[in-house]
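> The sequence and its predicted three-dimensional model are supplied below.
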Amino acid sequence: MNITPPIEFLLFSLSDTPSLRLPLFTFFLLIYLITLYGNIMMSSVIALNPRLHSPMYQLLWIFSLMDFSFSSTTVPSMLATMLSQEAIISLPSCIAQVFFFHAFGNSENLLLSVMAYDRYVAICNPLRYSAVMSRTTCLTLCSTCCACASLHALLHAMVTSLLDFHHHAHIPHFFCDIPPLLEISPSDTTFNQLLIYTEGSLVALVPSSLTVLSYIRITISILRIHSSTGRQKAFSTCASHLMVFFLFSATAVSMYFRPSSVSSPHKGKREVIVNPIVVNSPNNKLHNEDKGQDSKS
């Protein structure tokens with residue numbers, strides 16, 4: 001009786017130099033703890049202070065929860081991989097990580113566009129702000145963002161799960177994501193790539209375009225303010241949000257919308273794959289045995 005072994009992936013660490021593993025682990029752990037502390041404190045302050053229950057702070061509260069979940073999807077596994085230098089993850093767990101990574105990440109992107117619209121209404125139409133951005137409207141927009149992001153993530157996770165993978169394949173990345181999985185799949189990934197550049201582009205670029213348009217209108221309105229103090233106050237309410245938006249968008253574009261020859265995950269990890277420490281590790285014995293069986297057949 002032939003029993004098909006479960007498909008498992010081997011994740012790689014950020015560095016194969018033993019002397020760098022502990023400093024990198026400490027550095028990223030510190031950043032992760034600061035991120036968690038900042039999001040938890042912000043969410044707690046907004047939830048406990050009744051004066052901060054306005055739509056602007058409601059959006060910030062939900063964004064903090066999404067950022068907390070987004071970072072917790074990948075960073076703990078990355079830290080574990082850095083300690084052990086390699087980590088095995090099953091196919092269902094990998095697909096689940098892909099889903100949550102894109103669900104929370106795209107929720108943040110959509111929420112950034114809603115926050116830009118909130119600032120547009122507050123600065124360009126201040127007298128109508130309470131009517132346009134009521135609590136009900138705010139919660140409806142946030143729920144729509146989360147639902148759309150979840151559907152987008154579910155679509156890509158399901159399409160990725162239909163691909164074929166070798167048993168005990170090596171993912172040249174420190175967590176499961178769509179581009180590395182497409183890179184190691186022996187299946188035809190044309191449809192997956194097309195989906196990224198069509199549906200994925202719409203999900204990413206439409207809210208980004210709305211954010212840019214909102215800030216163009218905001219900038220025009222601010223420049224019409226005669227008082228320099230008023231202009232500075234208006235700009236200060238948008239500066240942090242605008243900086244987060246540009247950092248978020250630049251990262252997403254560099255990861256998913258570059259040509260495959262430029263953004264191939266193997267470019268940064270090719271030397272790791274042939275590293276004797278990794279190839280001769282106990283976790284790779286099963287992989288070597290599979291290769292031997294394939295050659296015999």
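Sure thing, it's come through.
> C-alpha only now, for contacts and for neighbours.
Noted.
> just so I have it, where are all the helices in the protein?
All helices of the chain, identified by DSSP state H, fall at 18-48, 55-84, 91-124, 129-132, 135-161, 178-184, 190-197, 199-223, 228-256, 260-263, 266-273, 276-279, 285-296.
> If you count contacts, what does the fourth one end up packed against?
Translated: helix 129-132. With contacts taken as 3 or more Cα pairs under 8 Å, 6 or more residues apart in numbering; DSSP states H and E, helix 129-132 sits against helix 91-124.
> Report the buried residues of the helix it packs on.
91, 94-124 (16 or more other Cα atoms under 10 Å).
> chain center to it, what's the gap?
On the basis of Cα atoms, centre = their mean, to the nearest Å, helix 91-124 sits 9 Å off its chain's mean C-alpha point.
> and the angle for it with helix 55-84?
150 degrees (axes from the mean of the first three to the mean of the last three Cα atoms, to 10 degrees).
> Just the mean pLDDT for helix 91-124, thanks.
Summarised as a single mean, pLDDT over helix 91-124 is 91.
> And for stretch 27-34?
Computed over stretch 27-34, the average pLDDT equals 93.
> Any chance you could list what contacts that stretch?
For stretch 27-34, the external contacting residues (Cα atoms under 8 Å, 6 or more residues apart in numbering) are 71, 75, 79.
> how about 6 Å then?
Taking contacts as Cα atoms under 6 Å, 6 or more residues apart in numbering, no residue outside stretch 27-34 touches it.
> quick revisit: can you put the helices of the chain in a markdown table and add distance to residue 12?
Below are the helices of the chain laid out as a markdown table (distance: least, Cα to Cα, whole Å):
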| stretch | distance to residue 12 |
| --- | --- |
| helix 18-48 | 12 |
| helix 55-84 | 7 |
| helix 91-124 | 14 |
| helix 129-132 | 49 |
| helix 135-161 | 20 |
| helix 178-184 | 12 |
| helix 190-197 | 24 |
| helix 199-223 | 26 |
| helix 228-256 | 18 |
| helix 260-263 | 17 |
| helix 266-273 | 8 |
| helix 276-279 | 9 |
| helix 285-296 | 15 |
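> Worst mean pLDDT among these?
Looking at these, the bottom one is helix 276-279 with a mean of 35.
> Find the nearest non-adjacent residue to the spatially most central residue of the chain, please.
Closest residue to the average C-alpha location of the chain: residue 105 at 4.0 Å, with Cα atoms, centre = their mean. With Cα to Cα, 6 or more residues apart in numbering as the measure, residue 70 is the residue that lies nearest to residue 105, at 6.1 Å, once sequence neighbours are left out.
> distance of that neighbour from residue 217?
30 Å (Cα to Cα, to the nearest Å).
> Mind checking which of those two has more residues around it?
residue 70 (20 against 13; other Cα atoms under 10 Å).
> from memory the more buried one sits against residue 106, does it?
No: here residue 70 does not reach residue 106: they are 9.6 Å apart, not a contact under Cα atoms under 6 Å.
> so how many other residues sit close to the residue lying closest to residue 21 once chain neighbours are set aside?
Leaving out its chain neighbours, the residue that sits closest to residue 21 by Cα to Cα, 6+ apart is residue 82, at 6.1 Å. Other residues lying near residue 82 total 25 when counted by other Cα under 10 Å.
> Test my guess that residue 82 contacts residue 17.
No: at 10.4 Å, residue 82 does not count as touching residue 17 under the criterion of Cα under 6 Å.
> Give me the nearest residue to residue 43, chain neighbours excluded.
With sequence-adjacent residues excluded and distances taken as Cα to Cα, 6+ apart, residue 43 is closest to residue 61, at 5.2 Å.
> What count of nearby residues applies to the one you found?
That count, for residue 61 with other Cα under 10 Å as the rule, works out to 22.
> Then residue 74?
The burial count for residue 74: 18, using other Cα under 10 Å.
> same check, this time on the one 4 residues further on
As a burial measure, the neighbour count of residue 78 was computed by other Cα under 10 Å and equals 23.
> distance of it from residue 115?
From residue 78 to residue 115 the distance is 30 Å (Cα to Cα).
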